[in-house]
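Colleague: missing the sequence, but the structure's below:
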């Protein structure tokens, strides 16, 4: 029997009928659909990884409770260990596998698979008569990665040296967008609406942390940017409140707009990515979940020291969520050492999924075997240690010759080094994510290899 040619256009999420199981998917853990002979899509519940979201929320709630019930003991015995755990165990390792993410994305097998898809399906494939010039050897992939990675890091370092104030502003803007995008890119929105939402979430996090306790945070900014912010103290309170209000208002606008209009009205008619990205049309449930998460983050920042608040967000929300998605990505792509044996459930067809109204279709596993978590940390260990050693050396070079006169000054200097170091790493880290997104490999898409069966 001759193979049927794939359809001329890929189905759009927002063009499915109202009774489609895809639009019902937020009420299910996951649903996998065969939409064409060469594409398999796996839809995950829009809280990205529900267990990880619940775990992050539970840990955050425990910290808030301890801070209120036993404030002195918490500050003396809990605050510092939690900060170290969040940064060392979660924060740094989540970016220590950038090279592996890049290699997995740029594998020759993926490029060859892409070249089999008709031109109208993706902007990356070359015409059949053209040579596959984009296929690189593993050595060339490594050279391209490390040259780009270290050039970006070097540029950030030079910017801190010659224009610290400009670099600080750039770092805050880039970080705000990155934080927002990493949390909210599962929601399908028009491009400008998405950018506004991402920036709004990042501004909420960074703005509230920087203004929560100016006696602690502003000296760090003054240290890294060589700037006097004395004039800024009088405007702290209204700014602090507005950082929270602007994001809550934006989420409420999205909620009301979704209730009043069809959910797809907020979604683009054409997705800009080469693949049909596995994300979700915004529904009231999505906006309510984000409102609840935002309220919890605001309560965290208001309850604890701002530096601890940032550490908890950076570790338990941003890094832990990204790490779980990275492990899922490696597992789905069957990377070396990652066990995908729990995921042998066969996906249902599109027709069977649509006809299933009483019972949910067979659902693929989205849990992460403990073996894969251990494998992830083993792979992240070299660059995690390198980052910690680099930060320690940086601190010794800048401040090692002069002993701080107080514990507060020592803390300020230590966090100044952390801010500069993280900014240098963040620029290169975001470049890797841009490479992933450029081929449609959002982490809400469960692996490139599942898209190209």
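Modeller: The structure has been received and is ready for your questions. Given the structure is predicted, the values throughout are model-derived calculations rather than measurements.
Colleague: Tell me where the stretch 51-200 of the chain is predicted with low confidence.
Modeller: 107-136 (pLDDT under 70).
Colleague: can you give me the helices in it?
Modeller: 71-73, 79-84, 98-105, 108-115, 138-162, 164-184, 191-212 (DSSP state H, counting those that start in this stretch).
Colleague: Could you dump these into JSON lines with mean neighbour count and distance to residue 372 added?
Modeller: C-beta: built from backbone N, CA, C; applies to glycine. JSON lines is the format used below for these (neighbours: other Cβ atoms under 10 Å; distance: least, Cβ to Cβ, whole Å):
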{"stretch": "helix 71-73", "mean neighbour count": "10", "distance to residue 372": "36"}
{"stretch": "helix 79-84", "mean neighbour count": "16", "distance to residue 372": "25"}
{"stretch": "helix 98-105", "mean neighbour count": "20", "distance to residue 372": "13"}
{"stretch": "helix 108-115", "mean neighbour count": "17", "distance to residue 372": "21"}
{"stretch": "helix 138-162", "mean neighbour count": "14", "distance to residue 372": "23"}
{"stretch": "helix 164-184", "mean neighbour count": "18", "distance to residue 372": "20"}
{"stretch": "helix 191-212", "mean neighbour count": "20", "distance to residue 372": "29"}
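Colleague: got TSV for the ones you listed, with distance to residue 296 too?
Modeller: Below are the helices of the stretch 51-200 of the chain laid out as TSV (distance: least, Cβ to Cβ, whole Å):
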stretch	distance to residue 296
helix 71-73	19
helix 79-84	16
helix 98-105	29
helix 108-115	38
helix 138-162	32
helix 164-184	13
helix 191-212	12
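Colleague: mind listing what residue 56 touches?
Modeller: If a contact means Cβ atoms under 8 Å, 6 or more residues apart in numbering, then residue 56 has 316, 317, 320, 321 as its contacts.
Colleague: So which of the residues you listed belong to helices?
Modeller: 320, 321 (DSSP state H).
Colleague: which of the contacts of residue 56 lies closest to residue 237?
Modeller: The closest of these to residue 237 turns out to be residue 317 (Cβ to Cβ; 25.3 Å).
Colleague: was I right about that closest one contacting residue 182?
Modeller: No: between residue 317 and residue 182 there is no contact under Cβ atoms under 8 Å: 9.2 Å.
Colleague: Restricted to buried residues, select the contacts of residue 56 in ChimeraX.
Modeller: Typed into ChimeraX, the line below selects the buried ones among the contacts of residue 56, using 16 or more other Cβ atoms under 10 Å:
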select :316,317,320,321
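Colleague: And the contacts of residue 56, which is closest to residue 165?
Modeller: residue 317 (28.5 Å).
Colleague: Leaving out chain neighbours, which residue sits closest to that closest one?
Modeller: Closest residue in space to residue 317, ignoring its immediate chain neighbours: residue 56 at 5.2 Å, by Cβ to Cβ, 6 or more residues apart in numbering.
Colleague: what do you get for residue 395?
Modeller: Residue 395 sits nearest to residue 417 (Cβ to Cβ, 6+ apart), 4.6 Å away.
Colleague: name the element that neighbour belongs to?
Modeller: Take DSSP states H and E as the rule and residue 417 turns out to sit in helix 407-438.
Colleague: Likewise for residue 285?
Modeller: Going by DSSP H and E, residue 285 is part of helix 284-303.
Colleague: ok, now how distant is residue 298 from residue 414?
Modeller: 26 Å (Cβ to Cβ, to the nearest Å).
Colleague: swap in residue 101?
Modeller: In terms of Cβ to Cβ, residue 101 sits 29 Å off from residue 414.
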